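Trainee: Sequence first, then the predicted structure:
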Amino acid sequence: MSKEFDVKSAYSVRDKVVIVTGGGTGIGKVYSQRLAQGGAKVVLADIVAEESNDVAEKIRDAGGQALSVPTDVTNEDAVQAMADAAASEFGGIDGLINNASLMSVLPRGDWFEISADRWDSVMSVNLKGIFLCCRAVYSYMQERGGGSIVNISSSRIWEGNPNRLDYTTSKAGVVGLTRALAREVGDDNISVNAITPGLTMSETQLASSSSNYLGGKDEGKCFKRPQTPEDLVGAVIFLLSDAAAFMTGQTVNVDGGTYMH
Ligand SMILES: NC(=O)c1ccc[n+]([C@@H]2O[C@H](COP(=O)([O-])OP(=O)(O)OC[C@H]3O[C@@H](n4cnc5c(N)ncnc54)[C@H](O)[C@@H]3O)[C@@H](O)[C@H]2O)c1
């Protein structure tokens with residue numbers, strides 16, 4: 001039986017130790033900043049060391065708790081070292097946001113122009129990276145008696161958006177991984193859920209997309225305005241919080257109401 005719902009604390013991330021992969025730039029940076037503002041102890045695991053260190057330093061300067069551990073999520077040893085460093089610094093691990101991805105660096109184009117090497121790189125970061133991070137935190141979450149994993153997919157999977165076939169395929173794989181892993185770790189009291197963001201005006205998305213591409217994207221939404229990283233924070237924090245304790249294996253779509261399922 002679950003205990004009585006404590007509405008005062010259920011939605012809080014205070015004192016939770018949360019790893020944010022790709023936390024140094026783009027949407028991951030915003031997750032890191034908002035989690036820290038909510039009192040979480042944040043571990044930024046991004047391949048871009050300078051940006052990641054800078055975000056962590058600014059969080060600490062503002063009175064929050066953050067540790068930057070520059071990490072390539074495709075490197076098994078580096079991922080384990082990152083999880084070990086997180087647990088050593090903050091005493092355990094409660095949450096993992098698998099946000100690191102090859103996306104904004106991928107040129108859009110016809111599927112038959114994608115090289116086999118690029119395909120492998122995308123699968124390596126976007127899928128193997130998630131697998132390695134989940135595996136590295138598993139024993140720490142078991143020690144805590146549970147944990148929450150949030151995997152970042154994309155609303156592209158609902159429509160099957162073209163022009164980044166490798167990326168869309170990898171993000172559909174994220175949902176399969178989420179569902180199967182949720183069944184494997186339920187007995188450990190670990191939740192595994194996914195989020196499918198719509199096209200989001202992250203700093204990296206804006207820098208890598210033409211105004212032509214970004215224009216006209218609001219028409220199919222219920223809320224006809226551009227989506228920002230801040231629009232995703234609430235859903236991510238909810239899935240990390242005790243309020244979502246009985247939700248697992250789910251995929252939550254956050255796109256202003258373009259797709260409904
Ligand atoms: N921006 C959007 O429109 C949008 C839409 C749907 C889903 N998403 C997803 O949301 C997440 C964040 O999006 P974003 O716009 O900030 O994307 P982004 O591509 O700009 O950022 C991804 C982050 O991952 C990091 N990264 C890349 N390779 C890595 C590696 N090997 N190891 C560790 N870190 C690595 C990058 O340095 C970057 O900080 C991604 O998973 C993306 O696929 C974004």
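Mentor: Thanks, I have it. Residues are numbered from 1 along each chain as shown.
Trainee: Show me what from this protein comes close to the ligand.
Mentor: When proximity is defined by Cβ under 6 Å from any ligand atom, the chain lies next to the ligand at 21-22, 24-28, 46-48, 71-74, 99-104, 125, 152, 154, 197, 199-200, 202, 204-205. C-beta: built from backbone N, CA, C; applies to glycine.
Trainee: Return the subset of these lying in strands.
Mentor: 21, 152, 197 (DSSP state E).
Trainee: of those, buried ones?
Mentor: Taking 16 or more other Cβ atoms under 10 Å as the criterion, what is buried in these is 21, 152, 197.
Trainee: Closest to residue 145 out of these?
Mentor: Taking Cβ to Cβ as the measure, residue 145 lies nearest residue 21 of these, at 23.1 Å.
Trainee: Okay, the closest one and residue 70: tell me how far apart.
Mentor: Separation of residue 21 from residue 70 (Cβ to Cβ, to the nearest Å): 11 Å.
Trainee: Overlap of the contact sets of those two?
Mentor: 45, 46 (Cβ atoms under 8 Å, 6 or more residues apart in numbering).
Trainee: Which of the residues of the chain next to the ligand fall in helices?
Mentor: When DSSP state H defines the helices, the subset of those inside them is 26, 27, 28, 204, 205.
Trainee: Strands of this protein, start to end?
Mentor: Ranges of strands within the chain are 17-21, 41-45, 65-68, 95-98, 147-152, 190-197, 251-254, based on DSSP E.
Trainee: could the ones you listed be laid out in CSV, adding mean pLDDT and distance to residue 112?
Mentor: Putting those into CSV (pLDDT from 0 to 100; distance: least, Cβ to Cβ, whole Å) gives the following:
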stretch, mean pLDDT, distance to residue 112
strand 17-21, 99, 31
strand 41-45, 98, 34
strand 65-68, 98, 39
strand 95-98, 99, 29
strand 147-152, 98, 27
strand 190-197, 98, 26
strand 251-254, 98, 29
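Trainee: Could you dump the ones you listed into JSON lines with distance to residue 134 added?
Mentor: Below are those laid out as JSON lines (distance: least, Cβ to Cβ, whole Å):
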{"stretch": "strand 17-21", "distance to residue 134": "11"}
{"stretch": "strand 41-45", "distance to residue 134": "13"}
{"stretch": "strand 65-68", "distance to residue 134": "19"}
{"stretch": "strand 95-98", "distance to residue 134": "7"}
{"stretch": "strand 147-152", "distance to residue 134": "6"}
{"stretch": "strand 190-197", "distance to residue 134": "8"}
{"stretch": "strand 251-254", "distance to residue 134": "16"}
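Trainee: Minimum distance to residue 178: which of these has it?
Mentor: Once the strands of the chain are compared by Cβ to Cβ, strand 190-197 is nearest, at 4.2 Å.
Trainee: for the closest one, packing partners?
Mentor: helix 129-144, strand 147-152, helix 156-159, helix 165-185, helix 230-240, strand 251-254 (3 or more Cβ pairs under 8 Å, 6 or more residues apart in numbering; DSSP states H and E).
Trainee: so of the ones you listed, which one's packed in deepest?
Mentor: Of all the helices and strands packed on strand 190-197, strand 147-152 has the most neighbours on average by mean count of other Cβ atoms under 10 Å, namely a mean of 26.
Trainee: Going by contacts, tell me the helices and strands next to it.
Mentor: strand 95-98, helix 129-144, helix 165-185, strand 190-197, helix 230-240.
Trainee: sorry, back to before: quick one, which of the strands of the chain is nearest to residue 213?
Mentor: It is, among these and with distance given as Cβ to Cβ, strand 190-197, at 16.4 Å.
Trainee: Need the nearest residue in space to residue 171, chain neighbours excluded.
Mentor: Using Cβ to Cβ, 6 or more residues apart in numbering and skipping the chain neighbours, the partner closest in space to residue 171 is residue 154 (4.1 Å).
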